[in-house]
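Student: Predicted model and sequence below, questions to follow.
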Amino acid sequence: MTTVLPIRSPAPDAVPAAPPVIRLESVRKSFSLPSGESFHAVRSLSLDIHAGDIFGLIGKSGAGKSTLLRLINLLERPDAGHVIVDGRDLTKLSRSELRDTRQNLGMIFQQFNLIQNATVADNVAFPLKIHGRHTRAEIKERVLECLKLVGLESKSDSYPAQLSGGQKQRVAIARALAPRPKVLLCDEPTSALDSETTHELLATLRDINQKLGVTIVIVTHELQVVELLCQKVAILEQGELVEQFAVDGPTGPRLTVLGREIDALVRRRAREAQEALLSDPESVGSAASHRVHVQGVAYA
Ligand SMILES: Nc1ncnc2c1ncn2[C@@H]1O[C@H](COP(=O)(O)OP(=O)(O)OP(=O)(O)O)[C@@H](O)[C@H]1O
């Protein structure tokens, strides 16, 4: 059966600005090349991301998107600048403080990074076990909760090799959510997935953001991911932030080609929703005309 889910909510009116859950202050990151030269992957970049946002980072290959994402949880340590998460400057924390704070920052990757010889349940339990603060019963209960969130409770005893790509990514999401993070960092989570599975996964991420209030930061090179999922987007070029705007706000004028392309997609989708509303009001119900609907959502 085809389910039709609203994936984008209208921007709430006049919500007071919350303090940023992530603040990057003049962060820089260079890498040493074999030639001995330095490559500037991120150049003095500042950015605020607010609690509850779904924030896209987009740009051409090599623009520095993944490096920027990895600076947020200090998988890459900045050469300069500050990374402030939930009011704490991560660059100033001891190793054990950083380990604790990272519980607040779940992460998923393009290639899923699951433990192949562990079951789905054991993969999801992993971050809880290494932290060592939970009883077996608590871990079992939390694993089940997280698998339910992503619609995979029936796959608890399966191994990653027995799952589809979309299912593997949902196990990775469940694992990332197990320690109850405030933020989920997503590095190209749909790049290895086909279009239909991408839509399903975006609906899952949207659901998690709405149900749990988890802030999502997503690196992607797919414009439709930004258009379908993100509330805000930052566009990177050669390690610099060249433009940012609210995807669900008013369109244009934009500074970049990517910005204009995102606007064009948003306008096209709004037009299609309007046409659908006019031709068959029942099918859209009372939903705002600019809501985006995703077809074929069926977990597991
Ligand atoms: N560990 C590293 N050592 C040397 N160079 C690196 C390292 N990590 C990234 N780079 C370089 O930094 C630049 C930015 O890389 P990054 O992966 O952040 O870009 P990206 O925008 O995510 O690109 P893509 O979309 O292709 O993944 C690239 O030129 C990359 O080769």
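Tutor: Good, I have the coordinates.
Student: tell me the SS of Leu98?
Tutor: Judged by DSSP: H, G, I helix; E, B strand; the rest coil, the three-state class of Leu98 is helix.
Student: Tell me how far it lies from the ligand.
Tutor: Using C-beta to the nearest ligand atom, to the nearest Å, Leu98 is found at 20 Å from the ligand. For every residue, glycine as well, the C-beta is placed using N, CA and C.
Student: what does Glu188 give?
Tutor: 7 Å.
Student: repeat for Leu114
Tutor: The value you get for Leu114 to the ligand, if C-beta to the nearest ligand atom is used, is 20 Å.
Student: Surely that residue is in contact with Lys168?
Tutor: Yes: judged on C-beta atoms under 8 Å, Leu114 makes contact with Lys168 at a distance of 6.0 Å.
Student: Now the common contact residues for those two.
Tutor: Counting by C-beta atoms under 8 Å, 6 or more residues apart in numbering, the common neighbours of Leu114 and Lys168 are Pro160.
Student: quick one: the strands in the stretch 51-200 of the chain?
Tutor: Ranges of strands in the stretch 51-200 of the chain, per DSSP state E, counting those that start in this stretch, are 54-59, 80-85, 88-89, 105-108, 183-187.
Student: And for the stretch 201-300 of the chain?
Tutor: Under DSSP E, counting those that start in this stretch, the stretch 201-300 of the chain gives strands at 215-220, 232-237, 240-246, 293-295.
Student: and those, which is most packed in?
Tutor: Across the strands of the stretch 201-300 of the chain, averaging neighbours per residue (mean count of other C-beta atoms under 10 Å) puts strand 215-220 on top, at a mean of 25.
Student: CA atoms only: put that one into PDB for me.
Tutor: Presented in PDB, the C-alpha positions along strand 215-220 are these (Å, rounded to 0.1, in the frame of the first residue of the first chain):
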ATOM      1  CA  THR A 215      18.800  18.600  15.500                       C
ATOM      2  CA  ILE A 216      20.000  17.200  12.200                       C
ATOM      3  CA  VAL A 217      23.000  18.400  10.200                       C
ATOM      4  CA  ILE A 218      23.200  16.700   6.900                       C
ATOM      5  CA  VAL A 219      26.000  16.900   4.300                       C
ATOM      6  CA  THR A 220      24.800  16.100   0.800                       C
END
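Student: Rounded mean pLDDT for stretch 200-208, please.
Tutor: The predicted model assigns stretch 200-208 a mean pLDDT of 95.
Student: for stretch 20-27, that is, sorry about that
Tutor: Averaged over stretch 20-27, pLDDT sits at 96.
Student: same deal with stretch 185-196?
Tutor: 94.
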